[in-house]
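> please work out how this folds:
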Amino acid sequence: MSAPTLTPPQPTGTVHDVPAPHVPASGGPDHAAGSPPVTGARWAAVVAVLAALVAALALPVGPAQTGEFASLVQGPLEVRDGDGWRAVAIGDGIDDGADLRAVGGAVTLDADGDRIVLASGARAGVAGGRLVLERGSVLVDGAADRAVTVAGIAASGQGTWRVDAGSQPRIATYAGAVVVDDGGTEVVLAAYRQVTARDRTVGGAARLPLRYLATDPFDREQVGEAIRVDDLALALGRSLTSTYGTALRETDFYAAFVAVDTDVEPHLSALAPVSSRTRFGPPSEVLLGVTVADAVATLTATPVAEAAAEVASMREQGAAWGLLLVAAGGGADAFNAAADRALERAAADPPPTDEPAPDVTAAEDAPAGEAPSGEAPSTAPPTGATGGAGGGTAGSSDDGDTGSQPAPTPPPTDPLPDPTDPGGLLAPIEDAVDDLGDGVDEVVDGTTDTVGDVVGGVDELLAPTVRGLLGGD
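Numbering: from 1, shown residues only. Take a look at the predicted model:
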């Protein structure tokens, strides 16, 4: 059955006359006597009115109808007014061409139903319906194809994404997809990816996994579950280090926590930051990788070997544990369930808890860049590994400092809790995470006092020596 054919419109300016109504010869009322006949000119006028009405109904409503970019929903927003600035009232519109600044807090705008949030301290302008970010950060959250420009680099897309200004601007995505164009190179970012511009270009820049901070308000809102997973992974990693040490282990050791076959085995070693011959580790890093790979495999219904390969690849690029879980559609619950499975398996057939002795021969023959088979790893874990959610602030570099690793906590009295405990195997760890913040505050306060005392003491010790070297009394 062929599709119906639409009648093409008549050429502009052509008017077709409509025959006048039929008038009876006699015996009936003259219906046309009280109204003039509908001539071609009159019909053209009717058509013109209808066309104008249809065009009016098709016009967009809201800011676009009045030349406004958006309206203020909440927050302390100011717009430039001559040589100064004036506050914008809630509900007022923001004209295209305005200069904006968020003072004293984040600002939320409504742009035809889409949400645009300026972080506190952000500065931006509006030009042709496009936000031009000058300072700070902006979050775009909506269905329309929104556009933001920073340092001459244009980003546009749908979903939830952010732009950070600075010496090295960053565009990052939480959901949806964004196209980044510097005028010569175009980069497409999928969800949970980012790119950092250098010298006003994204050419040659890597599309890295999203890096986030627990202190960033946009990150807390969008990937709060990933941050929670990172906290749990930090606590579990410390517990595993206390129990199993840091020495590199054989594949059989890790088999106590996950079923290892010929497909899984090479990917387990790929999860290790350090390897030497048949040993790799440290155990905490590999066992966390096993846990996350098991969780990802369960969430995505893929073989553990494939999940382990993906986890190892993403970790090498700097992905945090929490990001891997969230990107797979899970979170803290999935992490806890996978950790329970691993610990229950190890409880049934415990691996050795004593660290292997250092291998002197391996230390002599180990290739450059590798650790001897019995030594603790000397290299830091990959960016975004346990203990850090990964860098990424407004205008920050990709070279984030992961900081020094915390000292192992004292060995627990019961390193492998009873699996039948109603609180779950990870209940003590989750409680410890809640107390982590208070402990850090105490350590910082104590460290500050100690450093002050040490500096004062060193000054008193060195003062006579310095005076002697300078010829003083």
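> for the longest strand along the chain, packing partners?
Across the chain, the strand with the greatest residue count (assigned by DSSP state E) is strand 137-150. Contacts defined by 3 or more Cβ pairs under 8 Å, 6 or more residues apart in numbering; DSSP states H and E place strand 137-150 against strand 107-111, strand 114-118, strand 130-135, strand 153-164. No exception for glycine: its C-beta is placed from N, CA and C like everyone else's.
> could you pull out the helices in the protein for me?
Assigned by DSSP state H, the helices in the chain fall at 40-58, 63-66, 217-222, 224-244, 251-254, 265-270, 283-300, 304-317, 321-327, 332-348, 360-365, 427-469.
> just checking, Arg193 touches Pro209?
Yes: counting by Cβ atoms under 8 Å, Arg193 touches Pro209, with 6.5 Å between them.
> now do the shared contacts for the two.
Counting by Cβ atoms under 8 Å, 6 or more residues apart in numbering, Arg193 and Pro209 have no common neighbour.
> so where's the chain uncertain?
Residues of the chain that meet the criterion pLDDT under 70 lie in 1-66, 353-473.
> next, count neighbours for Ala143.
Other residues near Ala143 number 11, with proximity taken as other Cβ atoms under 10 Å.
> correct me, but it touches Asp114?
Yes: if you go by Cβ under 8 Å, Ala143 and Asp114 touch, sitting 6.7 Å apart.
> quick revisit: for the helices and strands packed on strand 137-150, give me JSON lines that also has distance to Val304 and mean neighbour count.
JSON lines is the format used below for the helices and strands packed on strand 137-150 (distance: least, Cβ to Cβ, whole Å; neighbours: other Cβ atoms under 10 Å):
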{"stretch": "strand 107-111", "distance to Val304": "43", "mean neighbour count": "21"}
{"stretch": "strand 114-118", "distance to Val304": "39", "mean neighbour count": "20"}
{"stretch": "strand 130-135", "distance to Val304": "43", "mean neighbour count": "19"}
{"stretch": "strand 153-164", "distance to Val304": "31", "mean neighbour count": "22"}
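> now those as JSON lines including distance to Asp199?
Formatted as JSON lines, the helices and strands packed on strand 137-150 follow (distance: least, Cβ to Cβ, whole Å):
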{"stretch": "strand 107-111", "distance to Asp199": "30"}
{"stretch": "strand 114-118", "distance to Asp199": "26"}
{"stretch": "strand 130-135", "distance to Asp199": "18"}
{"stretch": "strand 153-164", "distance to Asp199": "11"}
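> right, so of the ones you listed, which gets closest to Tyr254?
strand 153-164 (37.2 Å; Cβ to Cβ).
> mind listing what the closest one pairs with, with the direction of each?
Paired with strand 153-164 in the same sheet, following DSSP bridges, are strand 137-150 (antiparallel), strand 170-181 (antiparallel).
> got the angle for it vs strand 114-118?
Here strand 153-164 runs at an angle of 70 degrees relative to strand 114-118 (axes from the mean of the first three to the mean of the last three Cα atoms, to 10 degrees).
> before we move on, back to that, and the strands paired with strand 153-164: which comes nearest Glu316?
Glu316 lies closest to strand 170-181 among the strands paired with strand 153-164, at 19.2 Å (Cβ to Cβ).
> CA atoms of the closest one as PDB?
Output of strand 170-181 as PDB, limited to C-alpha atoms (Å, rounded to 0.1, in the frame of the first residue of the first chain):
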ATOM      1  CA  ARG A 170      38.200  20.800  31.800                       C
ATOM      2  CA  ILE A 171      35.000  19.500  30.300                       C
ATOM      3  CA  ALA A 172      33.500  16.400  32.100                       C
ATOM      4  CA  THR A 173      30.300  14.400  31.800                       C
ATOM      5  CA  TYR A 174      28.100  12.700  34.400                       C
ATOM      6  CA  ALA A 175      25.400  11.500  31.900                       C
ATOM      7  CA  GLY A 176      24.600  11.900  28.300                       C
ATOM      8  CA  ALA A 177      27.200  12.900  25.700                       C
ATOM      9  CA  VAL A 178      29.100  16.100  25.000                       C
ATOM     10  CA  VAL A 179      31.000  17.300  21.900                       C
ATOM     11  CA  VAL A 180      34.100  19.400  22.600                       C
ATOM     12  CA  ASP A 181      35.500  21.500  19.700                       C
END
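> check which residues of that strand are buried.
Neighbour-count burial for strand 170-181 flags 170-174, 176, 178, 180 (criterion: 16 or more other Cβ atoms under 10 Å).
> as CSV, those with distance to Phe253 would be great.
Conversion of these to CSV gives the following (distance: Cβ to Cβ, whole Å):
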residue, distance to Phe253
Arg170, 40
Ile171, 42
Ala172, 38
Thr173, 38
Tyr174, 38
Gly176, 42
Val178, 43
Val180, 44
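> could you check how far Ala305 is from Asp340?
Ala305 sits 21 Å away from Asp340, going by Cβ to Cβ, to the nearest Å.
> between those two, who's got more neighbours?
Taking other Cβ under 10 Å, Ala305 and Asp340 do not tie; Ala305 has more neighbours (19 against 16).
> against Val140, how distant is that one?
Relative to Val140, and taking Cβ to Cβ, Ala305 is found at 38 Å.
> please apply the same query to Thr160.
Taking Cβ to Cβ, one finds Thr160 at 7 Å from Val140.
> and for Gly245?
Counting by Cβ to Cβ - Gly245 and Val140 are separated by 47 Å.
> go on, Phe257?
In terms of Cβ to Cβ, Phe257 sits 42 Å off from Val140.
> more crowded one of these two?
Taking neighbours as other Cβ under 10 Å, Phe257 and Val140 compare with Val140 leading, 27 against 24.
> what's near enough to touch the closest residue to the more buried one other than its chain neighbours?
Leaving aside its sequence neighbours, Val140 sits nearest to Arg146 (Cβ to Cβ, 6 or more residues apart in numbering; 4.9 Å). By Cβ under 8 Å, 6+ apart, the contact set of Arg146 is 111, 114, 116, 131, 140, 156-158.
> want to throw those into JSON lines with distance to Thr262?
Shown next, in JSON lines, are the contacts of Arg146 (distance: Cβ to Cβ, whole Å):
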{"residue": "Ala111", "distance to Thr262": "55"}
{"residue": "Asp114", "distance to Thr262": "51"}
{"residue": "Ile116", "distance to Thr262": "52"}
{"residue": "Leu131", "distance to Thr262": "53"}
{"residue": "Val140", "distance to Thr262": "47"}
{"residue": "Ser156", "distance to Thr262": "46"}
{"residue": "Gly157", "distance to Thr262": "42"}
{"residue": "Gln158", "distance to Thr262": "43"}
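> tell me the bridge partners for the residue nearest to Glu186 when sequence neighbours are not counted.
Nearest residue to Glu186 in three dimensions, chain neighbours excluded: Val179, at 6.3 Å (Cβ to Cβ, 6+ apart). Beta-bridge partners recorded for Val179 (DSSP bridges): Ser156, Val188.
> my guess is Val179 contacts Gly159, does it?
No: taking contacts as Cβ under 8 Å, Val179 lies outside contact range of Gly159: 11.6 Å.
> fine by me, thanks again.
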